[in-house]
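Novice: would you be able to build a 3D model of this:
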Amino acid sequence: MNNKFQILYFALIILTFSCSENDNEETSEPQNNLPNTVRIVNQQNTANYNLEYMNNQISSLTGSHSTIIDRFYYENSNLIKIDFENIDGQYDLEYDSQNRLTRYYFWYGENANEYVRTDLEYQGNSITRNHFFKNNSDVYEFAFSEKLTIENGNITKIEDLTNSIILEYQYGEKFSPFKNIDSFNDIQIVLTTFHGANRPHINLRELFLGKNNLVKAMDINAGNSNSFQYEYNSNGLPEKIVNHDDIDNVTVETFEIDF
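Specialist: Numbers count the residues shown, from 1 in each chain. From the prediction side, this is the model:
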């Protein structure tokens with residue numbers, strides 16, 4: 001694996017278990033009880049993330065500082081781009097004739113000269129993400145592959161086929177706060193990729209893992225696990241989620257959600 005990409009990848013693996021946008025258009029009121037604000041509270045600080053929608057499509061995700069914005073763009077109901085407004089970077093998504101996501105690019109850096117290309121392979125209830133890295137050249141080099149197992153809209157396993165890392169997830173019978181957004185399946189595939197450190201979607205990553213409520217996340221090789229406890233509003237959607245480290249027996253962070 002390219003050293004630079006390897007460092008980024010493993011840094012974000014650690015992040016997952018240690019803490020754990022359409023211009024000039026008016027944003028309409030979200031339907032079906034979509035989250036407006038998510039606050040993440042931990043021992044160090046409180047971070048606020050604001051979401052805006054066009055109907056049931058996420059149009060922007062703003063971080064703690066209003067300049068940190070991920071903007072989402074759609075074409076024919078397909079998510080085609082996520083733009084990192086305050087830095088040089090974005091995701092570009094490609095679909096086949098069946099409107100199935102088949103490839104996406106993550107680029108960043110000055111002059112957009114650093115790319116990660118991800119090719120998707122579908123087989124039954126699994127999706128393999130094959131990642132290729134390009135840096136200051138026109139040649140993509142294979143970096144690593146991940147196999148996602150998805151059951152009933154929930155990612156139950158992410159297995160790094162190259163580096164022998166296995167992450168497993170368990171769910172309850174209630175709902176994720178983002179279950180009602182359009183393009184959930186495509187957003188789930190892209191936003192659970194370990195790209196883009198300190199972007200709003202990385203810090204909200206656990207909330208996009210499944211349509212049901214995540215109750216446990218486990219790093220099988222490292223022997224780590226986190227449990228998630230919920231409080232629900234009258235519509236059956238979570239308004240508070242507590243991320244608890246099972247090994248150290250401490251609360252890692254709390255998600256507070258306004259609808």
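
Novice: CA atoms for contacts and neighbours, from now on please.
Specialist: Will do.

Novice: count the neighbours of residue 68 for me.
Specialist: 18 (other C-alpha atoms under 10 Å).

Novice: just checking, it touches residue 62?
Specialist: Yes. Residue 68 is within contact range of residue 62, at 5.7 Å (criterion: C-alpha atoms under 8 Å).

Novice: helix/strand/coil for residue 189?
Specialist: helix (DSSP: H, G, I helix; E, B strand; the rest coil).

Novice: part of a helix, is residue 207?
Specialist: Yes. Residue 207: assigned to a helix according to three-state DSSP.

Novice: show the contacting residues for it.
Specialist: Listed by C-alpha atoms under 8 Å, 6 or more residues apart in numbering, the contact set of residue 207 reads 176, 177, 178, 214.

Novice: which ones are touching the spatially closest residue to residue 172 that is not a sequence neighbour?
Specialist: The spatial neighbour of residue 172 that comes closest, neighbours along the chain excluded (C-alpha to C-alpha, 6 or more residues apart in numbering), is residue 213 at 5.3 Å. For residue 213, the contact set (C-alpha under 8 Å, 6+ apart) comprises 171, 172, 173, 174, 175, 176.

Novice: give me the three-state assignment for residue 213.
Specialist: Applying three-state DSSP: residue 213 is strand.

Novice: pLDDT at it, what is it?
Specialist: pLDDT recorded at residue 213 is 94.

Novice: then residue 224?
Specialist: Confidence at residue 224, expressed as pLDDT, is 92.

Novice: quick check: phi and psi at the closest residue to residue 85 other than its chain neighbours.
Specialist: Counting by C-alpha to C-alpha, 6+ apart, the nearest residue to residue 85 once its immediate chain neighbours are dropped is residue 69, at 5.5 Å. Phi and psi for residue 69, reported as degrees, to the nearest 10, are phi -130, psi 130.

Novice: re earlier: ok, of the contacts of residue 207, which one's closest to residue 103?
Specialist: For the contacts of residue 207, the residue nearest residue 103 by C-alpha to C-alpha is residue 178; the value is 23.0 Å.

Novice: what helix or strand does that closest one sit in?
Specialist: Using DSSP states H and E, residue 178 maps to neither a helix nor a strand.

Novice: quick one: low-confidence parts of the stretch 51-200 of the chain?
Specialist: Along the stretch 51-200 of the chain, segments meeting pLDDT under 70 span 65, 67, 109-114, 194-200.

Novice: tell me where it has strands.
Specialist: 57-62, 69-75, 78-84, 89-95, 101-108, 114-123, 126-135, 141-151, 154-160, 165-175 (DSSP state E, counting those that start in this stretch).

Novice: pick the most buried one from those.
Specialist: With neighbours defined as mean count of other C-alpha atoms under 10 Å, the strands of the stretch 51-200 of the chain peak in mean count at strand 57-62, which reaches a mean of 23.

Novice: hey, what's residue 216 bridged with?
Specialist: residue 170, residue 227 (DSSP bridges).

Novice: that one reaches residue 171, doesn't it?
Specialist: Yes. Proximity of residue 216 to residue 171 meets the contact threshold set by C-alpha under 8 Å, at 7.0 Å.

Novice: on that earlier part again, may I ask which of the contacts of residue 207 has the most neighbours?
Specialist: Neighbour counts for those peak at residue 214, which has 27 neighbours (criterion: other C-alpha under 10 Å).
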